[in-house]
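Peer 1: Pasting a predicted model and its sequence here:
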Amino acid sequence: MGNIINDIVEDVQVKPSKAKLVLKWTVRIAVGLIGVAFIVGQLKIKSLNKINDFEKALDDNTKATIELKQEMTDGFNSVNKRIDKVYDDGFKTFNDFQKYNDKKLELIIDYGKTDKEMLKRMLEIMTLEKTQNIENEIQQARKDTFSIVVKPLKK
C-alpha cells in the first residue's frame, strides 16, 4: 500500500513539503475508507442474504402448514361422513327391524290365539334370527376401517 501511494504522490509536483504530506495522508485515508466501506458492504450483503433465506424458509413452512391443514380438514370431513353413514345405516336398520318385528308379531298374535306354546316358540325364533342379522350388519359396518394418512413434509 505504501508503494502505491508513493507512486501516486511522487508524480505530483508540489513544492511545499507540508502540502505533499497532507496529500499523502489524504490519499491514504481515502484508500482506507474505501476498503472499510467495501468490507462493511460485504458484511451487510451477507446478513441480508441470511435474512432472505430465513424469509424463504418461513414462507415454505407457512405454505406447508396451510397444505397440511387443508389435508387434515379434508380427511376429518371424510371420516365424519363415513361415521355419519354408519349411524344412518344403523338407524335405518333398526327402523326396518322394528317394522319387521311389528309385522311378525301381528302374524304370531293372529295364529297364536289358539296355541300359546307356538306363540312363545315363534317369538324366540324371531328374536334370535333378527339379533343374528343385526350382529352381522354391525360386523360388516366395523369392517370399514377409518384411516388418516400422514405424509412427511417435502423439503
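Peer 2: Here it is on my side, so go on. Numbers count the residues shown, from 1 in each chain.
Peer 1: Going by C-alpha atoms from here, please, whenever you check contacts or count neighbours.
Peer 2: Will do.
Peer 1: So residue 102 versus residue 96, what's the distance?
Peer 2: Here residue 102 is placed at a distance of 10 Å from residue 96 (Cα to Cα, to the nearest Å).
Peer 1: Report the set of residues contacting both of the two.
Peer 2: With contacts defined as Cα atoms under 8 Å, 6 or more residues apart in numbering, no residue is shared by residue 102 and residue 96.
Peer 1: all helices for the protein, in order.
Peer 2: Counting by DSSP state H, the chain has helices at residues 2-10, 17-112, 116-143.
Peer 1: In CSV, list those along with mean pLDDT and mean neighbour count.
Peer 2: Conversion of the helices of the chain to CSV gives the following (pLDDT from 0 to 100; neighbours: other Cα atoms under 10 Å):
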stretch, mean pLDDT, mean neighbour count
helix 2-10, 65, 12
helix 17-112, 85, 13
helix 116-143, 75, 13
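Peer 1: most centrally placed residue in the protein?
Peer 2: residue 68 (1.6 Å; Cα atoms, centre = their mean).
Peer 1: what's near enough to touch it?
Peer 2: By Cα under 8 Å, 6+ apart, residue 68 lies in contact with nothing.
Peer 1: Distance of it relative to residue 84?
Peer 2: Using Cα to Cα, which is the criterion applied here, residue 68 is 24 Å from residue 84.
Peer 1: what's the answer for residue 61, then?
Peer 2: Separation of residue 61 from residue 84 (Cα to Cα): 34 Å.
Peer 1: repeat for residue 34
Peer 2: Taking Cα to Cα, one finds residue 34 at 74 Å from residue 84.
Peer 1: swap in residue 43?
Peer 2: If you measure residue 43 against residue 84 using Cα to Cα, the figure is 61 Å.
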